[in-house]
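Novice: next comes the sequence, and after it the predicted model I'd like to discuss.
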Amino acid sequence: MSRMDQLNGRLSRRNMLLAGGAFGAFGALSAASPAAARSLWTWSPSGSVAGQGAGVDPEWVWDEEADPVLAAVIERGEVAKANAALKQWTRNDQALPDGLPADLREFMEHARQLPSWADTTKLDRASQFSKTKGIYVGALYGLGSGLMSTAIPRESRAVYYSKGGADMKDRIAKTARLGYDIGDVYAYKPQGSMIVTAVKTRLVHAAVRHLLPQSPDWTRVSGGQKIPISQADILVTWHSLATFVMRKLKEWGVKVSTADADAYLHVWQVSAAMLGVKEEYIPATWDAANAQSKQVLDPILAHTTEGEALADVLLGIVAELDLGITRPLISAFSRYTLSDQVGDMIGLSKEPILKPLIAAAWPLLVAFREGLIPLPGIPTVVWTLEEAIRQFVLLFLAEGQPIAINIPDMNRPS
């Protein structure tokens, strides 16, 4: 058995996706943020899965179904009751648990239904794609998308000032749930958990929309945004994950068939719908997704004090685990993946020696994995880099450990 086969055997997809979630889904389960420089909304709904729509700027659209329900649950003091019941709901095929407030149960029964256009064949193919391209996807979720989220002002500020910002280790463990579930073989099947995770995440978003405007700290830095996590904010996070990953895979020369690319897009389309995004905003093709990303994501990346602090916390958590992957290595790989501009925004160290080394070694590793060059041509540094990435994707060994996504009942304590 080759060393590559041994490494592949030791790298379970479950652990890879948990690690991808550790940083990557940090954005997907987080909240929104203040008004940064945004382009005028001109993206046409004709490019969406709906194929039509009113064309209203998603900056002014939230979740009209979930928001009033969660606000009522919070105001009635029923969050603890709801969380106790939700803890028992872990599989897609389970009936909703007893003990839920009636209005919350009614909403959840509707929210748990897949969109009519969900294609089970594509969803199955997407899970296999995540399995075969796991090392790349895990690295991009974790050392790309996750750290990029700290350069998204609204996202980083809302995470920082919401309840989860006070305990980032716990927050990351919970957000890892989405990263695992979305790529699991059983994601949207009866025995899977992605429907459960998506609905619970939608509840968290709605709760944060109610709570965060009550935080004077968040209001002070919100840039005039009155309610966080607009549809535009969710789209920003969506592109920092799905669109970013597919773009980088192609830049790296990873072999992705048209069918696999379509399947990967589809699982994210379905997940956007399950998180409450209106169909007129969900891109129907990768061309449409790239066009939308250039409008909503690219212009808003910026430095914030909160984002730099969160990036430092994330890097510190990895260093504390003593897995052999150092902060300089993370900084170098993330700068290679995200660009020096984004690296500067979030305070990554410069790494003038490590970054060029990674820039030279990583393409060789990709080429070998894709069968473009034979084993004898691979230098030792490539194997060292792969082992470091493997250690990173094994970051959150949460197998057998229940990870509960809870509705918050307060903001970050001052």
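Specialist: Cool, got the structure.

Novice: can you classify A84 by secondary structure?
Specialist: Assigned with DSSP: H, G, I helix; E, B strand; the rest coil, A84 falls in the helix class.

Novice: any idea how far P97 is from it?
Specialist: Remark: distance between A84 and P97 (C-beta to C-beta, to the nearest Å) = 9 Å. C-beta coordinates here come from the backbone N, C-alpha and C atoms, glycine included.

Novice: neighbour-wise, which of those two wins?
Specialist: Neighbour comparison, A84 and P97: the larger count goes to P97, with 16 against 13 (by other C-beta atoms under 10 Å).

Novice: quick one: residues contacting the more buried one.
Specialist: When contacts are counted by C-beta atoms under 8 Å, 6 or more residues apart in numbering, P97 touches A85, L86, Q88, W89.

Novice: tell me which of the residues you listed is nearest to G224?
Specialist: Nearest to G224 out of the contacts of P97 is L86 (C-beta to C-beta; 33.6 Å).

Novice: where does pLDDT dip in the stretch 1-150 of the chain?
Specialist: Counting by pLDDT under 70, the stretch 1-150 of the chain shows low-confidence ranges at 1-38.

Novice: residue contacts, P115?
Specialist: V270, A273, M274, E279.

Novice: if I look at it, how far off is A359?
Specialist: To A359, P115 is 41 Å away according to C-beta to C-beta.

Novice: next one: R412
Specialist: According to C-beta to C-beta, R412 and A359 sit 38 Å apart.

Novice: with L147 instead?
Specialist: 17 Å.

Novice: okay, these two: which has more neighbours?
Specialist: A side-by-side neighbour count of L147 and A359, using other C-beta under 10 Å, places L147 first with 30 against 13.

Novice: so what's L212 up against?
Specialist: A31, A158, Y161, S162, W218, P228, N411.

Novice: what is the nearest of those residues to A198?
Specialist: The nearest member of these to A198, counting by C-beta to C-beta, is A31 at 16.1 Å.

Novice: tell me the helix or strand right after the host helix or strand of Y264.
Specialist: Following DSSP states H and E, one finds Y264 within helix 258-274. Counting by DSSP H and E, the next helix or strand C-terminal to helix 258-274 is helix 286-296.

Novice: centre of the chain to that following helix, how far?
Specialist: When distances are taken as C-alpha atoms, centre = their mean, to the nearest Å, helix 286-296 is centred 17 Å away from the chain's centroid.

Novice: show me what that helix is packed against.
Specialist: helix 231-238, helix 244-251, helix 258-274 (3 or more C-beta pairs under 8 Å, 6 or more residues apart in numbering; DSSP states H and E).

Novice: which one of these lies nearest to L329?
Specialist: That would be helix 244-251 among the helices and strands packed on helix 286-296, by C-beta to C-beta, at 18.3 Å.

Novice: quick one: that closest one to helix 231-238, angle?
Specialist: Here the directions of helix 244-251 and helix 231-238 differ by 40 degrees (axes from the mean of the first three to the mean of the last three C-alpha atoms, to 10 degrees).

Novice: and helix 244-251, what does it pack against?
Specialist: Using 3+ C-beta pairs under 8 Å, 6+ apart, helix 244-251 is in contact with helix 134-140, helix 258-274, helix 286-296.

Novice: other residues contacting the helix or strand following the first one?
Specialist: Read in the C-terminal direction, the helix or strand following helix 134-140 is helix 147-148, with elements assigned using DSSP H and E. The contact list for helix 147-148, computed with C-beta under 8 Å, 6+ apart, reads F23, G27, S240, F244, L301, A311, L314, S334, L338, V342, I346, L348.

Novice: got those as TSV, with secondary structure and neighbour count columns?
Specialist: Shown next, in TSV, are the contacts of helix 147-148 (DSSP: H, G, I helix; E, B strand; the rest coil; neighbours: other C-beta atoms under 10 Å):
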residue	secondary structure	neighbour count
F23	helix	33
G27	helix	28
S240	helix	26
F244	helix	21
L301	coil	21
A311	helix	25
L314	helix	23
S334	helix	27
L338	helix	23
V342	helix	20
I346	coil	26
L348	coil	26
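
Novice: pipe those into a markdown table and attach distance to A139 per row.
Specialist: Formatted as a markdown table, those follow (distance: C-beta to C-beta, whole Å):
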| residue | distance to A139 |
| --- | --- |
| F23 | 10 |
| G27 | 16 |
| S240 | 15 |
| F244 | 12 |
| L301 | 20 |
| A311 | 17 |
| L314 | 15 |
| S334 | 10 |
| L338 | 12 |
| V342 | 16 |
| I346 | 17 |
| L348 | 16 |
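
Novice: ok, so of these, who is nearest R327?
Specialist: For the contacts of helix 147-148, the nearest to R327 is L348 (8.9 Å; C-beta to C-beta).
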